Every structure is written in structure tokens, then in C-alpha cells.
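*Asks:* only geometry, no sequence info:
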């Protein structure tokens, strides 16, 4: 999530209840590994609980390939896959709390 979106959320007052932030996501990442295979770059993120997610980037033209750019894109793609997992986990925790109180 971009800083611009995060700012819009705060300005709209949409940050008063439990939610997942990019800082939360980054805090879950324990290890990053990269696999470079020609024009394909794969990022493997290992989360605190041992679960792994992957992100990929691929370049069509060898002339445009840059390892750093490929790794950045692959990392961002992997991070995007963590959001729905953490969102589900938060919703489940809120549900369980509601059931226990209710």
C-alpha cells in the first residue's frame, strides 16, 4: 500500500478499528530469498510462522533486464500476496473475539 493511500485512509477516518498496515506486513517477514533464472526473478518470503509466499518478475527483452529492478518487482508481488492472508487472519480473530463476548 502506498503512502498516498495510507494518508487517504487516515484523512477519511478509516483507521479507527483494527486493520492491517504495510508495517504489519513487513513485520511478518522473517527472511527473503531470491532466485534468478535468466530473465525470471523469484522472491521467496518466509514469514514468522514458517509460511512462504512467492513473487515473480520476468523481462521479455534481455536488453531491459536489471537484477535489482527484477528483485524489487518480485518482492512487491510477494508482499501483495500477504495482504489477503493477514486480512483473513484479522477477520477470524475479530470473529472469535465477538463470539467469546457475545
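*Replies:* Yes, it's here. Keep in mind that this is a model prediction, so the values were computed, not measured. Numbering: from 1, shown residues only.
*Asks:* and for the lowest-mean-pLDDT helix or strand in the chain, what's in contact with it?
*Replies:* Ranking every helix and strand in the chain by mean pLDDT, DSSP states H and E puts helix 3-11 at the bottom, with a mean of 85. Applying C-beta atoms under 8 Å, 6 or more residues apart in numbering, the contact partners of helix 3-11 are 15, 21, 22. Using the backbone N, CA and C atoms, a C-beta is placed for each residue, glycine as well.
*Asks:* what about these, which are in helices?
*Replies:* In helices, defined here by DSSP state H, the members of the contacts of helix 3-11 are residue 22.
*Asks:* can you redo the contacts of helix 3-11 as a markdown table with neighbour count?
*Replies:* Shown next, in a markdown table, are those (neighbours: other C-beta atoms under 10 Å):
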| residue | neighbour count |
| --- | --- |
| 15 | 12 |
| 21 | 13 |
| 22 | 15 |
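*Asks:* lowest-confidence member of the contacts of helix 3-11, which is it?
*Replies:* Scanning those for pLDDT, the low point is residue 15. It has 80.
*Asks:* quick check: that one vs residue 88, distance?
*Replies:* Remark: distance between residue 15 and residue 88 (C-beta to C-beta, to the nearest Å) = 20 Å.
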